[in-house]
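Asker: Provided below are the primary sequence and the corresponding predicted coordinates.
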Amino acid sequence: EQTPPHRSFRQLSTLGLQLALEELGLPSSAEDSQQLAGAIPQMPPFPEVVDTLARLKAMGFKLCIVSNTDDDIIAGNVAQLGGHIDRVITAQQAGAYKPDPRLFDYAHQQLGVRRDEVVHICASPHLDHAAARDMQFRCVWIDRGTGRQLLPDYRPDAMVSTLDRVVPLFKSLGW
């Protein structure tokens, strides 16, 4: 992902899948990669997500997804979110993948908001926390108990176990 030139998510996922299968001593085919890329847009959101997005919209928040994929891949996921997403910014648009700060710089420029207006909600410390720290965004980590670890030099502003817990959190913090 970080090696120039920028490659599409499909190219990277194809290469990653081929390398993983080779390492396991298993054969790979073009159909495997097509199946993987085709499955991602169909992956459903977690059960609480759509309702929580609706509640955040009702509270006046503008919602943006910053995705490490391509526009056509994330479109299927966004279509499942009830029309609550205002903007989608992808690695394809920025020409960079998380954790590269260029993706977050691009998103910030495109959104035209002040840094203190941003609350970055994420589930991946490795991919998101360094950028949130460096961009001085407020950050909420959704820790779903996957075993992911915080970066040694960063603590998000808040941690919750599911997205629906951000609504009372935001109310309590006056966000």
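Answerer: Happy to help now that I have it. Since this is a predicted model, take the numbers as computed values, not measurements.
Asker: Ranking helices and strands of the chain by mean pLDDT, which lands last?
Answerer: helix 30-39 (a mean of 88; mean pLDDT, DSSP states H and E).
Asker: next one: it to chain centre, how far?
Answerer: Relative to the centre of its chain, helix 30-39 is centred 21 Å away, using Cα atoms, centre = their mean, to the nearest Å.
Asker: Need the residues that contact it.
Answerer: 9-10, 13-14, 17-18, 21, 73 (Cβ atoms under 8 Å, 6 or more residues apart in numbering). (Glycine included, C-beta is placed from N, CA and C.)
Asker: Please check those and keep the buried ones.
Answerer: 9-10, 13-14, 17-18, 73 (16 or more other Cβ atoms under 10 Å).
Asker: In TSV: these, plus secondary structure.
Answerer: Listed next are the buried ones among the contacts of helix 30-39 as TSV, based on DSSP: H, G, I helix; E, B strand; the rest coil:
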residue	secondary structure
9	helix
10	helix
13	helix
14	helix
17	helix
18	helix
73	helix
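Asker: Show me which pair in those is furthest apart.
Answerer: Spatially, the most separated pair among the buried ones among the contacts of helix 30-39 is 18 and 73, at 18.0 Å (Cβ to Cβ).
Asker: quick one, phi psi at the residue nearest to the spatial centre of the chain?
Answerer: The centroid of the chain falls nearest to residue 67 when counting by Cα atoms, centre = their mean (4.5 Å). Here is the backbone geometry of residue 67 (degrees, to the nearest 10): phi -110, psi 140.
Asker: In PDB, list the C-alpha atoms belonging to the least confident helix or strand of the chain.
Answerer: Output of helix 30-39 as PDB, limited to C-alpha atoms (Å, rounded to 0.1, in the frame of the first residue of the first chain):
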ATOM      1  CA  ALA A  30      -8.000 -14.700 -10.800                       C
ATOM      2  CA  GLU A  31     -11.400 -15.900  -9.700                       C
ATOM      3  CA  ASP A  32     -10.300 -15.900  -6.100                       C
ATOM      4  CA  SER A  33      -9.400 -12.200  -6.300                       C
ATOM      5  CA  GLN A  34     -12.600 -11.300  -8.100                       C
ATOM      6  CA  GLN A  35     -14.600 -13.100  -5.500                       C
ATOM      7  CA  LEU A  36     -12.800 -11.200  -2.600                       C
ATOM      8  CA  ALA A  37     -13.200  -7.800  -4.200                       C
ATOM      9  CA  GLY A  38     -16.800  -8.600  -5.000                       C
ATOM     10  CA  ALA A  39     -17.600  -9.700  -1.400                       C
END
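Asker: What's the first helix or strand after that helix?
Answerer: Using DSSP states H and E, the helix or strand that follows helix 30-39 towards the C-terminus is helix 49-58.
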